[in-house]
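1. Curious how this folds, go ahead:
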Amino acid sequence: MRYRLFLISIIFILAGCSIDTVSKKKVNISFDKKFTNKGFSLIYKDDLFEDKTLNKKLDERSLSIFHNTLKKNSTVKITNMLNNKIVIAKVEAQIPYPSFYNSVISSRIANEIELNPDEPYIEISLVTNNSSFKS
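-> Residues are numbered from 1 along each chain as shown. Predicted coordinates for the structure are as follows:
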């Protein structure tokens with residue numbers, strides 16, 4: 001008798017419970033790791049091309065740089081670390097240059113940010129299309 005009463009109460013309890021399936025949506029939060037690089041830069045001169053240190057010419061009057069890892073036509077912000085002057089430039093190409101330097105910049109960029117040729121310490125930051133910056 002007790003067995004039947006126990007079985008009937010279990011059936012009522014299970015019938016009264018409803019099973020709801022909750023689907024958990026995974027939210028992928030991805031933070032864009034923006035490229036930044038601090039180091040010494042090589043200021044372009046025609047002698048570097050003639051000595052075959054560089055295998056491509058860079059227009060000295062342009063706001064362009066050579067960089068090993070950034071894609072062509074990427075927009076970068078170049079900051080003089082000594083006086084915090086900033087200029088926006090484009091990556092011209094990916095070419096090999098001496099590994100001591102982090103980039104090759106045109107002489108116009110060096111003049112714009114008042115870069116000391118004896119101590120050309122700069123920071124290069126990638127500027128994404130949807131970002132805004134204040135200079």
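
2. Check the burial of residue 10 by counting its neighbours.
-> 10 (other C-beta atoms under 10 Å). (C-beta placed from N, C-alpha, C; glycine too.)

3. what mean pLDDT would you report for the strand or helix carrying it?
-> Residue 10 belongs to helix 2-16 when elements are defined using DSSP states H and E. Here helix 2-16 scores 72 as its mean pLDDT.

4. ok, the next helix or strand after that helix: who's next to it in the sheet?
-> Using DSSP H and E, the helix or strand that follows helix 2-16 in sequence is strand 36-43. Strands adjacent to strand 36-43 in the sheet, as given by DSSP bridges, are strand 103-105 (parallel), strand 121-126 (antiparallel).

5. So for the last one, mean pLDDT?
-> Meaning strand 121-126. Strand 121-126 carries an average pLDDT of 93.

6. Show me what it is in contact with.
-> Contact with strand 121-126 is made by 34-41, 65, 67, 70, 74-82, 102-103, 105, 113, 115, as judged by C-beta atoms under 8 Å, 6 or more residues apart in numbering.

7. returning to what we had before: hey, which of the strands paired with strand 36-43 is tucked in deepest?
-> Using mean count of other C-beta atoms under 10 Å, the stretch among the strands paired with strand 36-43 with the largest mean neighbour count is strand 103-105, at a mean of 26.

8. What residues sit buried inside the helix or strand that that strand is followed by?
-> Sequence-wise, the next helix or strand downstream of strand 103-105 (DSSP H and E) is helix 107-112. Of the residues in helix 107-112, those with enough neighbours to count as buried (16 or more other C-beta atoms under 10 Å) are 107-110, 112.

9. Can you list the low-confidence ranges for the protein?
-> 1-2, 12, 14-33, 129-135 (pLDDT under 70).

10. mind putting the strands paired with strand 36-43 in JSON lines, distance to residue 8 included?
-> Formatted as JSON lines, the strands paired with strand 36-43 follow (distance: least, C-beta to C-beta, whole Å):
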{"stretch": "strand 103-105", "distance to residue 8": "81"}
{"stretch": "strand 121-126", "distance to residue 8": "70"}
